[in-house]
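Asker: got a predicted structure plus its sequence, pasted below:
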Amino acid sequence: MKVEGRIADIYRVLFEAPPSTKSVMLELWRDTHAEYLTNGLRHLGPGFHVLDANRPWLCYWMVHGLALLDETLDDDLENDIVDFLSRCQDKQGGYGGGPGQLPHLATTYAAVNTLVTIGSERALSSIKRDNLYKFMLQMKDKSGAFRMHNGGEIDVRACYTAISVASLVNILDADLAKGVGNYIASCQTYEGGIAGEPYAEAHGGYTFCGLAAMVLLNEVEKLDLPSLIDWVAFRQGVECGFQGRTNKLVDGCYSFWQGAAIALAQKLMTIVDKQSKPSYSSKLSSVGDACGTSSSGLASEKSSSLDYAKFGFDFVKQSNQTGPLFHNIALQQYILLCTQVLEGGLRDKPGKNRDHYHSCYCLSGLSVSQYCAMTDSDSCPLPQHMLGPYSNLLEPIHPLYNVVLDKYDEAHDFFRENDQTFTVTDS
């Protein structure tokens, strides 16, 4: 009630303000956000020592946030980041949270996304794909899922970070893909969302991770998409932002986790319509007992012939099959009015402090909400798709990986042109 009251006061000021004041209130404070993120890349205070095992994440949150704002880094700073992440790269493959730390799938995802966002040949070629592939095979569990690190937890986040990175750098193959879809399907709950592991609670972050991974695996039909869409859509509350779980508080970071998940679903409506037919329910119920059929209609035992790199590339080129499945203007209103901090940076909700994590994911969610209503005939979002002045427009992202779309395209071409041959053995 306290959160709703604070947000209601903010909206009341907006609705009662004259037009000139409204335009100022609905402005994205680009310069102050860029300054906050750039300063964080150059220097962090001693209080950040608690994030010593998350330093690639700090790089990603700031570099990606700046890319969304169409801000460029100077060459020296880019080179410093590439050099630092190279020291985080383990000799046996994968990236740790800092130099000399244990390689971990989450920080590997953050490091690779950062290097892709920087996008220089030096950055992309610094990724040792052969060792990275070996590391991922070592993290694969007999269940088909991945564990985060040697001896670490097995969950949907580990599956997504592994599949996302492997797809992004073009090393995803049948051995890495085998069994992952079945594991993720087993984590979908009675509510419709996806939990971190079987029999746990549906969660916005895991729902995005699970759905995105299934798209990249071409196995999205193993999920009950109509119930997933229902669950995500109902997480947008009266505050206009998204909550991460049922009956929890609104949080700005779920502007991306939930917003991107439902934006992905807008390109899957053909499958949703098919699953909505009563005759389809028996097929979904048997997913846990067999490998099933991928969304392309190919049996999973033929997956060794699939070109996994094409799924992420082709998916983003598809047009939306429906309009926004959430209130995208209302979400922009929440981000602009309730998460921006005057000194720069974005936050969880009114009353919270700014931080680099929420700056990254609030901006990512704002980008998703601006572009999710576009059709094939639109070259960029129309005024009715946006809230506030046109200067609010951010760069579009690839919603499966959460990297700026132009940077994804460059990386996709680079890794295709500099492809390596990986020996795939039949299991």
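Answerer: Received, thanks.
Asker: can you list the low-confidence ranges for the protein?
Answerer: Counting by pLDDT under 70, the chain has low-confidence residues at 279-305, 420-427.
Asker: 90 - rerun?
Answerer: The chain contains residues with pLDDT under 90 at 19-21, 23, 277-307, 309, 375-384, 418-427.
Asker: can you pull out the strands in it?
Answerer: Shown for the chain, the strands assigned by DSSP state E span residues 346-347, 354-355, 397-398, 403-404.
Asker: who's in contact with the last one?
Answerer: To tie it back to what came earlier, the one meant is strand 403-404. Residues outside strand 403-404 that contact it (C-beta atoms under 8 Å, 6 or more residues apart in numbering): H64, A67, L68, N113, V116, T117, L168, E395, P396, I397, H398, A411. Quick note: C-beta positions are derived from backbone N, CA and C, even for glycine.
Asker: now do the second one
Answerer: The list of residues contacting strand 354-355 from outside it, by C-beta under 8 Å, 6+ apart, reads Y36, V341, E343, G344, G345, L346, R347.
Asker: looking at neighbours, which among those is most surrounded?
Answerer: Taking other C-beta atoms under 10 Å as the neighbour criterion, L346 ranks highest of the contacts of strand 354-355 with 31 neighbours.
Asker: please name the residues that touch that residue.
Answerer: H33, G252, I335, T339, Q340, R354, H358, S359, C362, L363 are the contacts of L346 under C-beta under 8 Å, 6+ apart.
Asker: try G93
Answerer: For G93, the contacting residues are P103, K128, D130, N131, L132, Y133, K134, F135, M136, Q138, by C-beta under 8 Å, 6+ apart.
Asker: buried members of those residues into ChimeraX, please.
Answerer: ChimeraX command restricting the contacts of G93 to the buried ones, with burial defined by 16 or more other C-beta atoms under 10 Å:
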select :103,128,131,132,133,134,135,136
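Asker: reformat the contacts of G93 as a markdown table; add distance to D52.
Answerer: As requested, the contacts of G93 are arranged in a markdown table below (distance: C-beta to C-beta, whole Å):
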| residue | distance to D52 |
| --- | --- |
| P103 | 16 |
| K128 | 23 |
| D130 | 28 |
| N131 | 24 |
| L132 | 23 |
| Y133 | 28 |
| K134 | 26 |
| F135 | 21 |
| M136 | 24 |
| Q138 | 24 |
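Asker: from the contacts of G93, which is closest to L405?
Answerer: Of all the contacts of G93, L132 has the smallest distance to L405: 23.2 Å, by C-beta to C-beta.
Asker: identify the residue spatially nearest to the closest one, adjacent ones excluded.
Answerer: G93 (4.9 Å; C-beta to C-beta, 6 or more residues apart in numbering).
Asker: likewise L336?
Answerer: Per C-beta to C-beta, 6+ apart, closest to L336 is L26, 5.4 Å.
Asker: separation between the residue nearest in space to the middle of the chain and D273?
Answerer: Of all residues in the chain, the one closest to the mean position by C-alpha atoms, centre = their mean is N402, 4.4 Å from it. According to C-beta to C-beta, to the nearest Å, N402 stands 27 Å off from D273.
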